[in-house]
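Student: can't give you the sequence, but here's the structure:
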């Protein structure tokens with residue numbers, strides 16, 4: 001067994017060096033989401049009486065329970081665990097699955113692992129190094145959360161930190177299994193992300209139907225375990241054993257599978273090519289290559305839209321007489337009154353869909369980089385296919401796919417809400433100029449400096465952080481305005497639609513895309 005782990009330390013150091021930028025960004029984002037909550041919630045609910053009324057109102061509202069879970073106590077610490085615990089766990093899970101897939105299946109897919117394995121590297125060393133890298137990141141998240149919330153109560157802070165880190169490691173092991181089953185990193189990430197989405201749906205469905213986290217659906221979901229740890233509310237330490245057991249079982253399964261396959265192979269091999277149809281153009285090939293991604297994102301946005309649309313009316317029940325809440329509503333673009341609050345909730349959801357759609361746009365544009373670095377573009381361009389036609393096909397899918405998934409998100413919001421389908425679709429489609437701008441920046445980076453194309457992920461992540469955490473941290477408006485989404489009208493509910501920012505962002509996106517294509521036409525392709 002020792003021989004099969006040979007070289008683990010070296011591979012771990014290599015993984016940490018490669019992730020020296022991505023990992024700290026994810027850790028900071030996940031930690032800030034949690035540790036910023038006490039100050040933000042304290043400004044909204046300044047007294048114990050206000051917090052008690054808010055907790056009772058939230059527990060009585062099935063929509064809020066589905067989104068955030070139940071509230072187990074009215075302390076600031078318990079409200080922090082309610083508001084940020086599950087969402088921080090989701091971020092930790094995404095970070096962990098990216099780390100594990102990147103240093104296992106992606107290394108095999110690119111052929112780098114074959115070169116490393118020619119040295120003294122054991123069969124299970126890459127998997128071990130990847131899981132240890134994820135463990136380092138999750139442990140850092142746990143320590144920072146525990147330290148940042150210690151003032152609210154050390155036991156509760158430690159319990160919440162361990163629950164978030166446990167979720168990260170659980171899905172790291174899920175990703176390790178997926179990496180053994182599939183031949184591509186994209187499929188491994190997709191399988192793990194689908195498992196994470198299913199966990200959230202189970203938790204949301206269980207919490208919506210039953211108070212107190214007692215539903216069987218909540219209890220079988222790892223995200224339901226996070227809330228049932230009950231940080232800052234008579235902690236249930238034994239729930240953490242569920243994370244330990246799930247990690248042990250999945251890690252064992254991943255190690256068994258890793259020992260029973262050849263390098264580069266998988267248990268679920270991909271089809272060698274299209275079973276039917278004819279690909280006559282570069283654009284048709286781009287659509288074929290990315291249709292699975294488009295369909296997956298479309299289904300997810302439609303379902304999420306229906307879920308969040310169904311919660312819209314319930315948001316109005318939480319206003320009460322809290323002046324601070326009313327102030328927040330006005331800043332979100334709504335006016336006093338339950339109908340305006342519903343519009344403000346829908347506007348916020350539309351903005352979140354836009355920021356997440358930017359991640360799709362970046363992923364779709366950077367498929368160009370994957371095709372080039374994987375040397376699949378070279379034989380294609382050796383024929384009568386120009387670079388602009390080849391790249392244009394993928395960009396059409398990226399920008400057109402963004403429009404499609406946002407349209408479906410708006411449709412879902414309207415259907416879930418039960419009225420105002422056209423207004424909901426308009427609200428989500430209004431996010432398109434900002435989404436296209438981020439996708440255009442990814443195209444520019446790929447065309448001009450392909451070695452730094454992955455920096456587009458940092459841009460998209462930064463925009464998501466500004467929109468998600470920035471208001472809670474009370475960042476200056478000048479900082480928030482760095483995000484293109486900050487300049488978009490708040491729909492539905494805006495008094496008047498201002499087309500100026502929409503047209504300006506669209507024009508800038510067109511200019512950046514043209515600059516990226518021009519740079520691609522002039523530079524050498526990666527050998």
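Tutor: The structure has been received and is ready for your questions. Only a predicted model underlies this, so the values are computations on that prediction, with no experimental measurement involved.
Student: Buried residues, the helix or strand in which residue 372 is found. List them.
Tutor: Secondary structure assignment for residue 372, by DSSP states H and E: helix 367-373. Buried positions in helix 367-373, judged by neighbour count with 16 or more other C-beta atoms under 10 Å: 367-372. Using the backbone N, CA and C atoms, a C-beta is placed for each residue, glycine as well.
Student: Any stretches of this protein with poor pLDDT?
Tutor: 1-2, 63, 118-119, 264, 269-280, 313-341, 469-474, 493-496, 526-527 (pLDDT under 70).
Student: By neighbour count, which bits of the stretch of helix or strand residue 300 belongs to are buried? Give me those.
Tutor: Using DSSP H and E, residue 300 falls within helix 282-315. By 16+ other C-beta under 10 Å, the buried positions in helix 282-315 come out as 282-283, 285-287, 289-290, 293-294, 296-298, 300-315.
Student: who does the helix holding residue 372 touch, helix- and strand-wise?
Tutor: Judged by 3 or more C-beta pairs under 8 Å, 6 or more residues apart in numbering; DSSP states H and E, helix 367-373 is in contact with helix 282-315, helix 377-381, helix 387-417, helix 432-448.
Student: need the contact list for residue 164.
Tutor: 30, 34, 85, 88-89, 92, 138, 141-142, 145, 226 (C-beta atoms under 8 Å, 6 or more residues apart in numbering).
Student: Of those residues, which pair is most distant in space?
Tutor: Pairwise distances across those peak at 14.6 Å for 85 and 138 (criterion: C-beta to C-beta).
Student: for the residue with the largest distance to the centre of the chain, helix, strand, or coil?
Tutor: What lies farthest from the middle of the chain is residue 384; by C-alpha atoms, centre = their mean that is 38.6 Å. Following DSSP: H, G, I helix; E, B strand; the rest coil, the label given to residue 384 is coil.
Student: Check the gap between it and residue 390 for me.
Tutor: According to C-beta to C-beta, to the nearest Å, residue 384 and residue 390 sit 11 Å apart.
Student: Phi first, then psi, for the residue farthest from the centre of the chain.
Tutor: Note on residue 384: its backbone torsions stand at phi -80, psi 50 [degrees, to the nearest 10].
Student: same check, this time on residue 184
Tutor: Given degrees, to the nearest 10, the pair of backbone angles that residue 184 has is phi -120, psi 150.
Student: does it really touch residue 110, like I thought?
Tutor: No. Under the criterion of C-beta atoms under 8 Å, residue 184 is not in contact with residue 110, lying 10.8 Å apart.
Student: which residues in the chain form strands?
Tutor: With DSSP state E, there are no strands along the chain.
Student: about what we covered before: now the helix holding residue 372, how far from the chain's geometric center?
Tutor: 22 Å (C-alpha atoms, centre = their mean, to the nearest Å).
Student: Show me the contact partners of that helix.
Tutor: 110, 286, 289-290, 377-378, 391, 394, 398, 443, 446, 450, 453-454, 525-526.
Student: Tell me the most packed of these, by neighbour count.
Tutor: Compared across the contacts of helix 367-373, residue 443 has the highest neighbour count, 32 neighbours, by other C-beta atoms under 10 Å.
Student: who are the neighbours in contact with that residue?
Tutor: 365, 368, 391, 395, 512-513, 516-517 are the contacts of residue 443 under C-beta under 8 Å, 6+ apart.
Student: How about residue 83, nearest residue that isn't a chain neighbour?
Tutor: residue 37 (5.5 Å; C-beta to C-beta, 6 or more residues apart in numbering).
Student: these two touch, right, that neighbour and residue 77?
Tutor: No. Using C-beta under 8 Å as the test, residue 37 is too far from residue 77 to be in contact (9.3 Å).
Student: Let me know the angle separating the helix holding residue 300 from helix 387-417.
Tutor: Orientation check (axes from the mean of the first three to the mean of the last three C-alpha atoms, to 10 degrees): helix 282-315 against helix 387-417 gives 20 degrees.
Student: same for helix 282-315, what does it pack against?
Tutor: Against helix 282-315 (3+ C-beta pairs under 8 Å, 6+ apart) you get helix 62-68, helix 185-209, helix 338-365, helix 367-373, helix 387-417, helix 421-429.
Student: quick one, that helix and helix 185-209 angle?
Tutor: 20 degrees.
Student: starting at the chain centroid, how far to helix 282-315?
Tutor: When distances are taken as C-alpha atoms, centre = their mean, helix 282-315 is centred 14 Å away from the chain's centroid.
Student: got a list of what residue 434 touches?
Tutor: Taking C-beta under 8 Å, 6+ apart as the test, what residue 434 contacts is 354, 358, 483-485, 487-488, 505.
Student: List buried members of those residues by neighbour count.
Tutor: 354, 358, 483-485, 488, 505.
Student: can you tell me which of those residues are in helices?
Tutor: 354, 358, 505 (DSSP state H).
Student: From these, pick the one nearest residue 466.
Tutor: Taking these together and measuring to residue 466 by C-beta to C-beta, the closest member is residue 358, at 11.6 Å.
Student: Distance check, the residue nearest to the closest one when sequence neighbours are not counted against residue 200.
Tutor: Once flanking residues are discounted, residue 358 sits nearest to residue 438: 4.4 Å by C-beta to C-beta, 6+ apart. Counting by C-beta to C-beta, the gap between residue 438 and residue 200 amounts to 24 Å.
Student: Of the contacts of residue 434, which is the nearest to residue 191?
Tutor: Nearest to residue 191 among these, with distances taken as C-beta to C-beta, is residue 358, at 23.0 Å.
Student: how close does that closest one get to residue 435?
Tutor: Taking C-beta to C-beta, one finds residue 358 at 5 Å from residue 435.
Student: re earlier: of the helices and strands packed on helix 282-315, which is nearest residue 97?
Tutor: Closest approach to residue 97 among the helices and strands packed on helix 282-315 (C-beta to C-beta): helix 185-209, 4.4 Å.
Student: Tell me what angle the closest one forms with helix 338-365.
Tutor: Angle, helix 185-209 to helix 338-365, by the same axes, to 10 degrees: 160 degrees.
Student: Residue 232 against residue 151, yeah?
Tutor: No. Contact criterion C-beta under 8 Å: residue 232 and residue 151 do not qualify, at 11.5 Å.
Student: These two - which one has more neighbours?
Tutor: Per other C-beta under 10 Å, whichever of residue 232 and residue 151 has more neighbours is residue 232, with 25 against 12.
Student: give the contact list for that one.
Tutor: 72-73, 75, 77-78, 80-81, 152-153, 156-157, 159-160.
Student: next one: residue 205
Tutor: Neighbouring residues of residue 205 by C-beta under 8 Å, 6+ apart: 66, 215, 217.
Student: OK, contacts around the second one?
Tutor: Spelled out, it's residue 215. Per C-beta under 8 Å, 6+ apart, neighbours of residue 215: 205-207, 209, 224.
Student: And those, which two are furthest apart?
Tutor: Taking C-beta to C-beta, no two of the contacts of residue 215 sit farther apart than 209 and 224, at 12.5 Å.
Student: Show me whatever sits in contact with both of these two.
Tutor: Common neighbours of residue 209 and residue 224, counting by C-beta under 8 Å, 6+ apart, are 215, 217.
Student: Compare those two and say which is more crowded by neighbours.
Tutor: residue 224 (25 against 15).
Student: my guess is the more buried one meets residue 202, correct?
Tutor: Yes. Counting by C-beta under 8 Å, residue 202 is a contact partner of residue 224 at 7.0 Å.
Student: Identify the contacts common to these two.
Tutor: 217-218.
Student: just to revisit the earlier point, higher neighbour count, residue 438 and residue 200?
Tutor: residue 438 (28 against 22).
Student: Please tell me how far the more buried one sits from residue 395.
Tutor: Residue 438 is 13 Å from residue 395, by C-beta to C-beta.
Student: Appreciated, that's everything.
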